[in-house]
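Colleague: sharing a sequence plus its predicted fold:
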Amino acid sequence: MGYVKGLICKECKREFEKEPIHVCEFCFGPLEINYDYEGIKKVVNKKSIEAGPPSMWRYQPLLPIDEDPKVGLHTGFTPLVRAKNLGKALGINNLYIKNDSVNHPTFSFKDRVVAVAVSKAIEFGFDTVSCASTGNLANSVAAHAAEAGLKSCIFIPDGLEAGKILGTLVYGSQLIAVKGSYDDVNRLCSEIAVNHKWAFVNINIRPYYGDGSKSYGYEIAEQLGWKTPDNVVVPVAGSSLITKIWKAFHEFEMLGLVDKVQSKIFAAQATGCCPVTTAIKNGTENIIPVKPNTIAKSIAIGNPADGYYGIKTANTSGGYGEDVSDEEVVESMKLLAETEGIFTETAGGVTVGVTKKLIEQGRIKSDETTVICITGNGLKTQEALDDCFEAPAVIEPKVNSFEEIFANSLTV
């Protein structure tokens, strides 16, 4: 038995039953989960969480499922890495990487939201799951559908990275590429959802799906010793993750698990697709949609569904929004790999690059505890590093051949 009372509109506060819906029929505001927090307070404490499984399901009472999870039993509880080398390079002392590039099963934070969404889809009785995706979500939906024995039909923008296409097809999913941007794909899926009784994880199942991201925030606080950090730098696409990390911190505060939350939440985007950070910089809450043009395709959403709430989160927390060029994305991917041995995808290059900028601007202080969100694995976006490195030297299988090439350049 879970602790979800139903759904509630974020704008007009009308309440709805637990159903696969995501928009208020009265004001067209987005719906979110309405929890029985009084019931949760009776069963959740530090000991109960610490006694739970080493996965996101240690927080099960705070997640929107009514039965035990059906998939993703090993998802989450990824490492929070003390990044001393990167911190030294950037000039700060207390830097951490929340590393979802090693998440199970598809190496991105999307495994969290999909584990919840597919479990919920099974509770609702769906036999087919679907989504609009920029890549990571496609991989995760396909994998979890395969684990659950469900059918899947997944839609992506044409021209996505080869690793993400293969990383979806391998699970036996039907994959459809749509000419246009993610926003075109998402609009099409909204229309298809009217005619097909499928669980579209980021459309009709969206309220449940989105709350899976809260586990990312819960883990940060628990892994810091039941404390929230001074700063969190979050990659922004649809703006769901940034709002859910903020929500997770405040739920922990309400439950008495952490002290008063004073974290600043920073939005990070690529310059070629930065409607949220542009609005923050301009001091407005109104999103102006853009046409994406960046190598950071996993966060290239020009008209983000939760953009308004992402802006509000950054502003309310005292954070900010910043963006970096594609060149800075690549340099930051390399910097993270060279300093911490973590190979992130382009979205991670965005968060590292933005963190560097925020430090240079004085928005992040050298002695503050700062967490950089790394949400995907670099093996998925290898194309971004094409032409960045020289081909390896080729030698004969002889010692003198080795010495001839490397005598004057090799440092051991």
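Modeller: Looks like it arrived, so ask away.

Colleague: other residues contacting stretch 99-109?
Modeller: Stretch 99-109 has contacts (Cβ atoms under 8 Å, 6 or more residues apart in numbering) with 72, 74-76, 78-81, 111-112, 136, 139-140, 143-144, 147, 167, 213, 216, 241, 298, 342-345, 348, 373-380. (C-beta placed from N, C-alpha, C; glycine too.)

Colleague: same check, this time on stretch 236-245
Modeller: Residues outside stretch 236-245 that contact it (Cβ under 8 Å, 6+ apart) are 109, 113, 134, 202, 210-211, 213-214, 216-217, 220, 232, 234-235, 265, 267-269, 276-277, 298-301, 304-311, 313-314, 321, 347, 373, 375.

Colleague: give me the distance between the two termini of that stretch.
Modeller: Length of stretch 236-245, first residue to last, Cα to Cα, to the nearest Å: 12 Å.

Colleague: G87 and N93 touch, don't they?
Modeller: Yes - contact criterion Cβ atoms under 8 Å: G87 and N93 qualify, at 6.1 Å.

Colleague: when the two are compared, which one has more neighbours?
Modeller: Using other Cβ atoms under 10 Å, the more surrounded residue of G87 and N93 is G87, with 22 against 13.

Colleague: what packs against the helix or strand in which the more buried one is found?
Modeller: Assessed by DSSP states H and E, G87 sits inside helix 84-90. The contact analysis (3 or more Cβ pairs under 8 Å, 6 or more residues apart in numbering; DSSP states H and E) places helix 84-90 against strand 94-99, helix 326-340, helix 346-360.

Colleague: which of the ones you listed sits most buried?
Modeller: Stretch with highest mean neighbour count among the helices and strands packed on helix 84-90: helix 346-360 (a mean of 27; mean count of other Cβ atoms under 10 Å).

Colleague: which residues touch the helix or strand bottoming out on mean pLDDT in the chain?
Modeller: Lowest mean confidence among the helices and strands of the chain (mean pLDDT, DSSP states H and E): helix 399-406, at a mean of 89. Contacts with helix 399-406, where a contact means Cβ under 8 Å, 6+ apart, come from 393, 395.

Colleague: so how far is I220 from the nearest residue to S263 once chain neighbours are set aside?
Modeller: Spatial nearest neighbour of S263, excluding adjacent residues (Cβ to Cβ, 6 or more residues apart in numbering): T228 at 4.8 Å. Distance of T228 to I220, computed by Cβ to Cβ, to the nearest Å: 7 Å.

Colleague: what's the answer for K164, then?
Modeller: 26 Å.

Colleague: give me the mean pLDDT for the host helix or strand of V371.
Modeller: V371 is part of strand 369-374 when elements are defined by DSSP H and E. The average pLDDT within strand 369-374 is 98.

Colleague: for the remainder of this discussion, apply numbering that starts at 30.
Modeller: Okay, using 30 as the starting number, the last item reads as strand 398-403.
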